[in-house]
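Chemist: My questions are about this predicted structure, shown below with the sequence.
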There are 4 protein chains.
Amino acid sequence: MAVLDPSTWLALQRRVRFGDTDAAGVMHFHQLLRWCHEAYEESLERFGIAAAAVFPTPGGHLAVALPIVHCSAEFRRPLICGDALAIALEPQRLERGRFEIRYRFRCANPGPAGSADPRQTVDGPAAGERLVAEGLTSHLAIETETRRRCDLPEPIERWLEASSLGQGPRPL
Amino acid sequence: MAVLDPSTWLALQRRVRFGDTDAAGVMHFHQLLRWCHEAYEESLERFGIAAAAVFPTPGGHLAVALPIVHCSAEFRRPLICGDALAIALEPQRLERGRFEIRYRFRCANPGPAGSADPRQTVDGPAAGERLVAEGLTSHLAIETETRRRCDLPEPIERWLEASSLGQGPRPL
Amino acid sequence: MAVLDPSTWLALQRRVRFGDTDAAGVMHFHQLLRWCHEAYEESLERFGIAAAAVFPTPGGHLAVALPIVHCSAEFRRPLICGDALAIALEPQRLERGRFEIRYRFRCANPGPAGSADPRQTVDGPAAGERLVAEGLTSHLAIETETRRRCDLPEPIERWLEASSLGQGPRPL
Amino acid sequence: MAVLDPSTWLALQRRVRFGDTDAAGVMHFHQLLRWCHEAYEESLERFGIAAAAVFPTPGGHLAVALPIVHCSAEFRRPLICGDALAIALEPQRLERGRFEIRYRFRCANPGPAGSADPRQTVDGPAAGERLVAEGLTSHLAIETETRRRCDLPEPIERWLEASSLGQGPRPL
């Protein structure tokens, strides 16, 4: 049963693609935020929530919108075209009508040591599977009609609840 | 053996993500070209060609570059967030040192009929799996040092050769 | 009077930005299609048409949508970060309810000859202001309610009409 | 003389474009980070620093790279297609070899009150020119050869110095 194993929807994979890079040869920073949102969407999908239940679609009428009110990212190591990434999501309910998601990117197949890493001296040499970047998105529930803050939609509540099972106290 | 079943690397899947849409509620046109290139990269990867063998990476020294000299796309039906797409690639060797790839996007799980399709009257109502869009990229091999046109790199030749096995004459 | 000088809204400028490039060091191909659409939007704006009169906005109710049904691009020379581009738009009314826009990109300030151009041998050495790329978008008018093909909206008709003044027969 | 008026290179303008929006009808969050970087590039350009002096280009050999190690953004009000934005940059030198840039986005021409703002109740009704979003990028200087942290390149030092002239103590 999926609920017993949150890794089914909280542990994802993706590859760095050529169009994600810039002329420095490595991933261009803001692509990471795109990856974060796509990981959030994929996680909901794997959990069993249809996109149209959360994201506006033509002809759909959602009672609640979930705009992102804050985001951030840390870039620890450069990522190059072809890098295989493991993405770990940590969704967390905050105060009423608000949640955030932390995304930790690890590189399962880093490039050759010393060639691609402009921050090598800072972070030490490459190892097998390293934390290469982190992201954070913070989401606020509002009624689409009145624009007032409101409770999270039920599918998001279920996803948050199931995602927190088996997690001990989390470090900041 | 992979060569016996080109569908392993020529038939791919992806989802339309929220960030791919625009305020008309549907996929913003130029995202399709991004999907095409990412499908090309995924196809090479599934065939067994490392990204660094074809795409520039820091510290890598490729003798041949493969710039895109032409691209085009046809948009037959609107795509909405969450749509599951099947992508069929048809790579084809052209004259010396040049190849193109055709991409056909079919929607495995189209949205509710009549709600999301601004071109419904043109193309008829939605059916199970429809051709929703097509893309084309045309690539030219050049020596990175002399900038002269040259033969395709060997991995690309193998991929083109294997991809054409079992294909009869293709329609224009 | 603006109508007397279409260059006011048909001759635009932009710079290649770092995020437009990829690890080959040059503009990543699909960014050009984004530039094309942004040039179309800027042209309407300079002509005096508000974005909300043509593009969907929250709370707006447009009777006619103008989806792109086809696009293409030719890449003649590589573009590098910082390149100053002159963009010439040529909008053209086609059959009822359809128009297309051709975009010609010239580089006013090309990079040092021989360093940045993978297709130098094909196209010859760099000169002062060269055609570096071309784009095309083709747009179809449909009623947003019935989804039927319809006439172009009035602001677009005016823009097309004014844009064709003073233009002789155009080459294909 | 430019140095006497930093607003020449620290106060910029841009429009929200259709491709920047998503199916919620408003700017998709990660586009803001792209705008931030493009504003940084435009600021250097207006100050008189050539792109190739700071950003990698083919054939160029920069001794120092300036990767982004952290970014963040706050989204206060939704932005719709056509919105005219004023962008104020505040670059600041941090410890050796590190600087950050704050970006404040104000909307000079907000959409009709009550129609486009999902957070209206939170932030109050629209006024003439409001703070709609903020961004932050943090940059670290490293030697491209040794990958060690190093001093900022001279053009960046000049830009930071000139940008701080006439600024009093800054609020957090």
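Modeler: Noted; the coordinates are in hand. Keep in mind that what you see is a predicted model, and the values were worked out from it rather than measured. Numbering: from 1, shown residues only, chains lettered A, B, ... in the order given.
Chemist: just checking, next helix/strand downstream of the helix or strand bottoming out on mean pLDDT in chain A?
Modeler: Within chain A, no helix or strand scores below helix A:120-123, which has a mean of 39 by mean pLDDT, DSSP states H and E. Next along the chain after helix A:120-123, taking DSSP states H and E as the criterion, comes strand A:130-140.
Chemist: Just the buried residues of that next one, please?
Modeler: Buried residues in strand A:130-140, counted by 16 or more other CB atoms under 10 Å in any protein chain shown: A:130, A:132-140. Just so you know, the C-beta spots here come from the backbone N, C-alpha and C atoms, and that holds for glycine as well.
Chemist: do it and chain B meet?
Modeler: No. Judged by CB under 8 Å from any CB of the partner chain, strand A:130-140 and chain B are separated, with a smallest distance of 11.9 Å.
Chemist: and that strand, which strands flank it?
Modeler: Applying DSSP bridges, strand A:130-140 is found paired with strand A:68-75 (antiparallel), strand A:98-107 (antiparallel).
Chemist: Those strands into a markdown table, with extra columns for mean pLDDT?
Modeler: Output for those, formatted as a markdown table (pLDDT from 0 to 100):
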| stretch | mean pLDDT |
| --- | --- |
| strand A:68-75 | 98 |
| strand A:98-107 | 98 |
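Chemist: Turn those into TSV, including mean neighbour count.
Modeler: Output for these, formatted as TSV (neighbours: other CB atoms under 10 Å in any protein chain shown):
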stretch	mean neighbour count
strand A:68-75	21
strand A:98-107	20
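Chemist: how about those strands, which one is nearest B:Arg149?
Modeler: Checking these against B:Arg149 by CB to CB gives strand A:98-107 as the closest, at 35.9 Å.
Chemist: what does the closest one rub up against?
Modeler: Strand A:98-107 has contacts (CB atoms under 8 Å, 6 or more residues apart in numbering or on different chains) with A:32, A:35-36, A:39-40, A:70, A:77, A:79, A:83-94, A:129-141, A:152, A:156, A:160.
Chemist: Pull up the residues of chain A that are close to chain B.
Modeler: Within chain A, the positions lying close to chain B (CB under 8 Å from any CB) are A:15, A:17-19, A:24-26, A:34, A:37-38, A:41-42, A:45, A:50-52, A:55-60, A:78, A:80-82, A:111-112, A:114-116.
Chemist: can you tell me which of the residues you listed are in helices?
Modeler: Secondary structure assignment by DSSP state H places A:34, A:37-38, A:41-42, A:45 of the residues of chain A next to chain B in helices.
Chemist: Relative to the centre of chain A, find the outermost residue for me.
Modeler: A:Thr146 (28.8 Å; CA atoms, centre = their mean).
Chemist: so what's the backbone phi/psi at it?
Modeler: Per-residue torsions, A:Thr146: phi -90, psi -10 (degrees, to the nearest 10).
Chemist: Could I get the pLDDT score of it?
Modeler: In this model, A:Thr146 is scored at 86, pLDDT.
Chemist: hmm, stretch A:54-65 in reach of chain D?
Modeler: Yes. Using CB under 8 Å from any CB, we find that stretch A:54-65 touches chain D at A:55-58, A:65.
Chemist: picking that back up, will you turn the buried residues of strand A:130-140 into CSV that also has pLDDT?
Modeler: Listed next are the buried residues of strand A:130-140 as CSV, based on pLDDT from 0 to 100:
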residue, pLDDT
A:Arg130, 94
A:Val132, 98
A:Ala133, 98
A:Glu134, 98
A:Gly135, 98
A:Leu136, 98
A:Thr137, 98
A:Ser138, 98
A:His139, 98
A:Leu140, 98
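Chemist: Tell me the one of these nearest A:Ser164?
Modeler: Proximity of these to A:Ser164 (CB to CB) peaks at A:His139, which lies at 15.8 Å.
Chemist: and the closest one, what is it in contact with?
Modeler: By CB under 8 Å, 6+ apart, the contact set of A:His139 is A:66-69, A:98-101.
Chemist: Count the neighbours of the nearest residue to it once chain neighbours are set aside for me.
Modeler: Once flanking residues are discounted, A:His139 sits nearest to A:Leu66: 4.7 Å by CB to CB, 6 or more residues apart in numbering or on different chains. Using other CB atoms under 10 Å in any protein chain shown, A:Leu66 has 21 neighbouring residues.
Chemist: Now distance to B:Trp9 too, for the strands paired with strand A:130-140, in TSV please.
Modeler: Output for the strands paired with strand A:130-140, formatted as TSV (distance: least, CB to CB, whole Å):
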stretch	distance to B:Trp9
strand A:68-75	32
strand A:98-107	23
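Chemist: who does the nearest residue to A:Arg130 once chain neighbours are set aside bridge with?
Modeler: In space, A:Arg130 comes closest to A:Cys107 once its chain neighbours are excluded; the distance is 5.8 Å by CB to CB, 6+ apart. Counting by DSSP bridges, A:Cys107 forms beta bridges with A:Leu85, A:Arg130.
Chemist: about what we covered before: most neighbours, which of the residues of stretch A:54-65 next to chain D?
Modeler: A:Thr57 leads these on contacts (other CB under 10 Å) with 26 neighbours.
Chemist: got a pLDDT number for the residue nearest to that one when sequence neighbours are not counted?
Modeler: Of all residues not flanking A:Thr57 in the chain, B:Ile80 sits nearest, at 4.8 Å (CB to CB, 6+ apart). We have a pLDDT of 97 for B:Ile80.
Chemist: how near is B:Ile80 to A:Phe55?
Modeler: Distance, B:Ile80 to A:Phe55, by CB to CB, to the nearest Å: 9 Å.
Chemist: which residues are common contacts for those two?
Modeler: D:Ala23.
Chemist: Next one: the residue most central in space within chain A from chain C, what distance?
Modeler: Note on chain A: the residue nearest the mean C-alpha position is A:Cys36, at 3.4 Å, using CA atoms, centre = their mean. Remark: distance between A:Cys36 and chain C (CB to the nearest CB, to the nearest Å) = 17 Å.
Chemist: What's the separation between that residue and A:Gln13?
Modeler: Relative to A:Gln13, and taking CB to CB, A:Cys36 is found at 14 Å.
Chemist: Then A:Arg46?
Modeler: The gap separating A:Arg46 from A:Gln13 is 12 Å, by CB to CB.
Chemist: So these two - more neighbours on which side?
Modeler: Legend: neighbour count by other CB under 10 Å for A:Arg46 and A:Gln13, higher for A:Arg46 (15 against 11).
Chemist: Spatially nearest residue to the more buried one (excluding sequence neighbours)?
Modeler: Excluding its sequence neighbours, the residue lying closest to A:Arg46 (CB to CB, 6+ apart) is A:Trp9, at 3.9 Å.
Chemist: Alongside chain D, which residues does chain A contribute?
Modeler: A:23-26, A:29-30, A:33-34, A:37, A:55-58, A:65, A:67-76, A:78, A:114, A:117-122, A:137, A:140, A:142, A:144, A:146-149.
Chemist: Mind doing that once more with 6 Å?
Modeler: A:23-24, A:29-30, A:33-34, A:56, A:65, A:67-75, A:118, A:120-121, A:142, A:147-148 (CB under 6 Å from any CB of the partner chain).
Chemist: Make sure A:Ile142 is actually in contact with A:Ala65.
Modeler: Yes. Using CB atoms under 6 Å, A:Ile142 is in contact with A:Ala65, at 5.4 Å.
Chemist: Need the contact partners of the strand or helix carrying A:Trp9.
Modeler: Take DSSP H and E as the rule and A:Trp9 turns out to sit in helix A:7-10. Residues outside helix A:7-10 that contact it (CB atoms under 6 Å, 6 or more residues apart in numbering or on different chains) are A:2, A:43, A:46-47, A:89, A:163.
Chemist: That'll do, ta.
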